[in-house]
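Participant: What follows is a predicted protein model with its sequence.
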Amino acid sequence: MQPLLLLLAFLLSPGAEAGEIIGGHETWPHSRPYMALVQFLFEEILHSCGGLLVRQDIVLTAAHCWGRLMNVTLGAHNIRKQEKTQQVITVRQAIHHPDYNPKSFSNDIMLLKLGRRAKLTAAVRPLSLPRGKTQVRPGEVCSVAGWGQLAPKGRFPDTLQEVELTVQQDEVCESYFRNYFNSTTQLCVGDPKDKKSSFQAFTKVSSFLPWIKKTMKRL
């Protein structure tokens, strides 16, 4: 089974909204019951991001996915339809990582405390966080999912998509992103030779596990 990149590296690259799932394909409906759609208003425009349900009342997402009137949709496959499996829950509190830098997107991670606990169903179920500092290595193929763009500057899909990406050596992103890549907290993913989401620096969730677990205990 392919390592699930979402366990170790957040599904959003810095500066992206719903991310990019280029070269991927539609997932089997509700095969990833931990997936969450985060929506919010920023400068009076509705924005969307992906997220992970990590507890019945907590969603993990990127810190740049923040704004007014935040809510989370769980149990969704087609986000343009009102599916019977969907649960829409307002966000009570957003907790950014204390060292998040909105200019460089470093430490781009955030926890959302939901207004109520999600009802667990076949389509809604939390994803267990890794216990230790599990690491993926260069050359491993990982799976990424989201409602991101299907092509550069292309349309956003209605249904949840997934794509397999290869983990690269840190040096690849260090030369490509120059001063914007931090191997301690980010993972270099994607092959520029493939017509897929490539050369992106995903947030290493494993690097933030102590903060995540400490914060979750007090929520």
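Facilitator: Thanks, I have it.

Participant: Show the low-confidence segments of this structure, by residue range.
Facilitator: The chain contains residues with pLDDT under 70 at 1-21, 132-134, 150-154, 191-200.

Participant: What segments of this structure are strands?
Facilitator: For the chain, applying DSSP state E gives strands covering 25-26, 35-42, 45-55, 58-61, 68-74, 87-96, 110-114, 141-146, 161-166, 186-189, 200-203.

Participant: Turn those strands into TSV, including mean neighbour count and distance to Phe177.
Facilitator: Any C-beta I mention is one placed from the backbone N, CA and C, and that applies to glycine too. Supplementary listing: those in TSV, determined by neighbours: other C-beta atoms under 10 Å; distance: least, C-beta to C-beta, whole Å:
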stretch	mean neighbour count	distance to Phe177
strand 25-26	12	28
strand 35-42	21	24
strand 45-55	20	21
strand 58-61	26	22
strand 68-74	18	29
strand 87-96	16	22
strand 110-114	23	22
strand 141-146	22	18
strand 161-166	20	16
strand 186-189	25	9
strand 200-203	26	6
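
Participant: With distance to Pro126 as added columns, please give those in TSV.
Facilitator: What follows is those, written out as TSV (distance: least, C-beta to C-beta, whole Å):
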stretch	distance to Pro126
strand 25-26	23
strand 35-42	10
strand 45-55	5
strand 58-61	8
strand 68-74	10
strand 87-96	13
strand 110-114	11
strand 141-146	15
strand 161-166	19
strand 186-189	22
strand 200-203	19
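
Participant: how many neighbours does Gln56 have?
Facilitator: The local packing of Gln56 (other C-beta atoms under 10 Å) involves 15 other residues.

Participant: hang on, Phe105 packs against His64?
Facilitator: Yes: between Phe105 and His64 there is a contact under C-beta atoms under 8 Å: 6.3 Å.

Participant: Okay, the closest residue to Pro102 other than its chain neighbours and Leu165: tell me how far apart.
Facilitator: Once flanking residues are discounted, Pro102 sits nearest to His64: 6.6 Å by C-beta to C-beta, 6 or more residues apart in numbering. As for His64, its distance to Leu165 is 21 Å (criterion: C-beta to C-beta, to the nearest Å).

Participant: residues contacting Gly139?
Facilitator: Contacts for Gly139 (C-beta atoms under 8 Å, 6 or more residues apart in numbering) come out as 166-167.
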